[in-house]
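Q: return atomic coordinates for the entry below.
(chains A and B)
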Amino acid sequence: MLAMLLYIDPGSGSYLVQMIIAAILGVLFYFKSAWHRVKAFFSKRSQEDKKNSSVNDIDNV
Amino acid sequence: MTSIMSEPILHPASYRDPDGFVFFKDGMLFRQVNQSYAANYQLLTGSGLYDVLVQRNLMVRHAVIEENYTGSTDWFLTLKPEVVPFISFPYEWSFDMLKDAALLTLELNKTAINHGMILKDATGFNVQFQGGSPVFIDTISFEAYDEHLPWKAYRQFCECFLFPLYIAHFQHVDINCILSAQTEGIPVHATAKLLPFKSRFNLGVWMHVYLQNWVGSGSVKETTKPQFSRKKLLQLTENLADIISGLKYENKEPGWGSYYESTILSNAYLREKEIALNEVMTKCSGSTVLDAGANDGYFSMLLAKQFKLVIAADFDSLCVNNMYRRIKDQHINNILPLRIDMVNPSPSIGFANKERASFTERIKVDVLVALALIHHLVLGKNVPLIMVAGYFSVLAPQLVIEFIPESDEKVQQLLKHKSILNNRYNQHDFETAFGSYFSIDGKYQLPDSKRIIYMMKRKLA
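A: The predicted model follows:
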């Protein structure tokens, strides 16, 4: 039925390959955002450390 | 309205899509929308997609005409689209032009998805260049989006845009000739063979070329019903845009890319030529010009100050690409750079050899400018002067042409291995040959280089 509705042929295996690519991209996206969260966590911590150390510096003056 | 109305003439390339077609009537261009597209047309306008696309200059505008000019029973609407000043084809574009057309197509798809529609096809022929940027011309390419399905035009997009760009990027080859023969795009199996081994280690190439080739070859059975989502489709579109944005074309072969910088044809020559050209151009009339052998577009930019449209043609794809990048950076909107070989311009191709008109059939300009070109055609390509003159007279009624004398260093370089042609090329023969088709209205000698710029007008037949 699908073929009747289409005026261009999507190409054999075209839908399947998009499903596989989407799955790969989904996994990559998951790891990418996980990595960003880890990075954000550490950069936040290092910023807090810096902040604390600068406060300590001032205290020491 | 004229009292005598001509019969509509179907555009020879507008036969594929059953939802409508383009036709000419009384010299004007129209698009018929068929009943089968009615619901989609209402979605296109009702969802706000049409307004967004034309406001962002991504698609041409159209006026709606409630008149059935063709008299066909499945008529729904007639559209009168904004006309693009010069129709060019993907095989005449440079790498960056094809890249920008690809990115435009993806942007359209993304915008359409967000409005509940999707592109049902994705060919470069649906894009034209206007005002220095690509613009979409096929208004009826959008259809209602079914979230459960992947993109049916994905394969076509890859073959028409991604694969030629990949081949040029990885192999540093000129893709114009390949695209001229493969107007439907480069098939995935051919792309897999044409790309170098190292490209397999690129995730994008692996997924979109090798994986697609493997899946498409029938090695994997497509048994399950496709299950897709809007998020997945947007991720795929984003991925294609990221890949394409990172591709670039660097021709490793010595070409004409740095002609002016690396030759003796430097500042003094360019300045005297600029002065002469400015003077000659004041004698030319009209609004359109073809700069044949435009190189990097140095003189096209000068012409762009006087003319409404400059078609800057050169056979070197790298030159054309540099020119496109430059006009894009400088926001010059009246130069159209095209990769055209003047001794082998784009032929008429497609069904009945009529679908895509030849360059000669399409080009209708007021002036032809041919600077530092004649010696390449006559001595480089062995085309007799009289044949060049004959062809040039077909292209435009006014001609501005630079004659490079026999003593010139560039001519001597060309004659080095072709001394037999020497007796075919001199100023007297040049004037005689061009005198058969044109009347010489002015001659401007460039004092330092001894080159001469002629202003000619086509003789009435």
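Q: contacts, neighbours, all on C-alpha from now
A: Will do.
Q: in which helix or strand would I find the closest residue to B:Ser199 other than its chain neighbours?
A: Of all residues not flanking B:Ser199 in the chain, B:Val205 sits nearest, at 6.4 Å (C-alpha to C-alpha, 6 or more residues apart in numbering or on different chains). According to DSSP states H and E, B:Val205 maps onto helix B:203-205.
Q: circling back to that earlier point, distance of the residue nearest to B:Ser199 from B:Ala192?
A: 9 Å (C-alpha to C-alpha, to the nearest Å).
Q: residues contacting B:Glu355?
A: Neighbour list for B:Glu355: B:11-13, B:348-349 [criterion: C-alpha atoms under 8 Å, 6 or more residues apart in numbering or on different chains].
Q: mind giving me the ChimeraX command for buried ones among these?
A: To isolate the buried members of the contacts of B:Glu355 in ChimeraX, using 16 or more other C-alpha atoms under 10 Å in any protein chain shown:
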select /B:11,12,13,348
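Q: just put the contacts of B:Glu355 in TSV and tack on secondary structure and pLDDT.
A: Below are the contacts of B:Glu355 laid out as TSV (DSSP: H, G, I helix; E, B strand; the rest coil; pLDDT from 0 to 100):
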residue	secondary structure	pLDDT
B:His11	coil	89
B:Pro12	coil	86
B:Ala13	coil	85
B:Ser348	coil	95
B:Ile349	strand	93
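Q: packing partners for the longest helix along chain A?
A: Scanning chain A for the helix with the most residues, using DSSP state H, yields helix A:14-60. In terms of contacts (3 or more C-alpha pairs under 8 Å, 6 or more residues apart in numbering or on different chains; DSSP states H and E), helix A:14-60 is packed against helix B:230-245.
Q: ok, the helix it packs on near chain A or not?
A: Yes. Interface with chain A: helix B:230-245 contributes B:232-233, B:235-236 (C-alpha under 8 Å from any C-alpha of the partner chain).
Q: okay if I get these as CSV plus neighbour count and pLDDT?
A: Formatted as CSV, those follow (neighbours: other C-alpha atoms under 10 Å in any protein chain shown; pLDDT from 0 to 100):
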residue, neighbour count, pLDDT
B:Lys232, 20, 94
B:Leu233, 22, 96
B:Gln235, 18, 95
B:Leu236, 23, 96
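Q: between B:Val205 and B:Ala192, who's got more neighbours?
A: Taking other C-alpha atoms under 10 Å in any protein chain shown, B:Val205 and B:Ala192 do not tie; B:Ala192 has more neighbours (23 against 19).
Q: isn't that one up against B:Leu211?
A: No. B:Ala192 is beyond contact range of B:Leu211, at 9.6 Å (criterion: C-alpha atoms under 8 Å).
Q: B:Val400 should be in a helix, yeah?
A: No. B:Val400 is assigned strand when assessed by DSSP: H, G, I helix; E, B strand; the rest coil, not a helix.
Q: flag the shaky bits of chain A, pLDDT-wise.
A: Low-confidence regions of chain A, defined by pLDDT under 70, span residues A:1-8, A:48-61.
Q: mind doing that once more with 90?
A: Residues of chain A that meet the criterion pLDDT under 90 lie in A:1-14, A:29-61.
Q: follow-up on the earlier one: can you list contacts of the helix holding B:Val205?
A: So helix B:203-205 is in contact with B:199, B:243, going by C-alpha under 8 Å, 6+ apart.
Q: now do it, average pLDDT.
A: Per-residue pLDDT over helix B:203-205 has a mean of 96.
Q: immediately after it, which helix or strand?
A: Moving toward the C-terminus from helix B:203-205, the next helix or strand (DSSP H and E) is helix B:212-214.
Q: show me what that following helix is packed up against.
A: helix B:188-194.
Q: how far out from the middle of the chain is the helix it packs on?
A: 24 Å (C-alpha atoms, centre = their mean, to the nearest Å).
Q: export it to PDB, keeping only CA atoms.
A: C-alpha atoms of helix B:188-194 as PDB (Å, rounded to 0.1, in the frame of the first residue of the first chain):
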ATOM      1  CA  VAL B 188      25.000   4.500  -2.900                       C
ATOM      2  CA  HIS B 189      26.800   1.500  -4.400                       C
ATOM      3  CA  ALA B 190      28.800   3.700  -6.700                       C
ATOM      4  CA  THR B 191      29.600   6.100  -3.800                       C
ATOM      5  CA  ALA B 192      30.800   3.200  -1.700                       C
ATOM      6  CA  LYS B 193      33.200   2.200  -4.500                       C
ATOM      7  CA  LEU B 194      34.300   5.800  -5.300                       C
END
